[in-house]
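Participant: Need coordinates for the following:
(one chain, ligands or ions: 1)
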Amino acid sequence: MSEVLNISEAEWEVMRVVWANGESTSQQIALVLNGKRGWSQSTIKTLIGRLTSKGYLQARKDARRFVYTTHLEEPESLKLEVEGLLGRICSRKKPNLLAYLIENIPMTAEDRAMLMDVLQNKQVVAEVPCDCYPGQCTCHLHASGTILSNHSYEENTHEN
Ligand SMILES: [Zn+2]
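Facilitator: Okay, the predicted model is just below:
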């Protein structure tokens, strides 16, 4: 089963508070996000409401207020988000993206050693196949045998 998260950038801010603090009241969430983003109590209540109806937050009544928890785990959710992002680019371009990330992410000597160890043990292939739908990347311009070859691409361009 390929799971896809449906969490907006704003909703992600709420999830981070709940992941960091565990059980959280809307007041606790509002305190953090009013400070960080200047959001009002009602904006935050709306975001909490959406996350609750999507099943990402669970509400429990505790005395006179609601306490929110989540079954989603932060590392697993991050992985799904990253996989969603990687699904938007050609497999052949992923190593370049990775190099960009490595250049731009601050890291310690230990972090670098860990990454070098991962690279050292990385299994390589002779060629990475393009996994894009024809017309959504430039790989077809350099290869024949795809549905959208140079020839048919030009024909289509002339028709329009
Ligand atoms: Zn491609």
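Participant: Show me the strands in the chain, by range?
Facilitator: 24-25, 58-62, 65-69 (DSSP state E).
Participant: Tell me which of those strands sits most buried.
Facilitator: strand 24-25 (a mean of 19; mean count of other CB atoms under 10 Å). The C-beta positions use only the backbone N, C-alpha and C, and glycine is treated the same way.
Participant: who does it pair up with?
Facilitator: Strand pairing for strand 24-25, determined by DSSP bridges: strand 65-69 (antiparallel).
Participant: So which residues make contact with the partner strand?
Facilitator: Strand 65-69 is contacted by residues 18, 22-27, 29, 48, 52, 57-61 when judged by CB atoms under 8 Å, 6 or more residues apart in numbering.
Participant: which among those gets closest to Glu81?
Facilitator: Of all those, Val18 has the smallest distance to Glu81: 15.9 Å, by CB to CB.
Participant: can you pull the contacts of the closest one?
Facilitator: 24, 29, 57, 68-70.
Participant: how about 7 Å then?
Facilitator: 24, 57, 68-70 (CB atoms under 7 Å, 6 or more residues apart in numbering).
Participant: Among those residues, which one lies nearest to Ala113?
Facilitator: Of all these, Thr70 has the smallest distance to Ala113: 33.4 Å, by CB to CB.
Participant: Phi, psi for the closest one please.
Facilitator: Main-chain dihedrals, Thr70, degrees, to the nearest 10: phi -140, psi 150.
Participant: Skipping its backbone neighbours, what lies nearest Arg50 in space?
Facilitator: Glu11 (6.2 Å; CB to CB, 6 or more residues apart in numbering).
Participant: tell me the domain boundaries of the protein?
Facilitator: Per automatic domain parsing, the structural domains of the chain span 1-88, 90-128, 130-160.
Participant: Distance-wise, check Gln58 relative to the ion.
Facilitator: 41 Å (CB to the ion, to the nearest Å).
Participant: returning to what we had before: turn the strands of the chain into TSV, columns for distance to Lys94 and mean pLDDT.
Facilitator: Below are the strands of the chain laid out as TSV (distance: least, CB to CB, whole Å; pLDDT from 0 to 100):
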stretch	distance to Lys94	mean pLDDT
strand 24-25	36	96
strand 58-62	35	93
strand 65-69	35	95
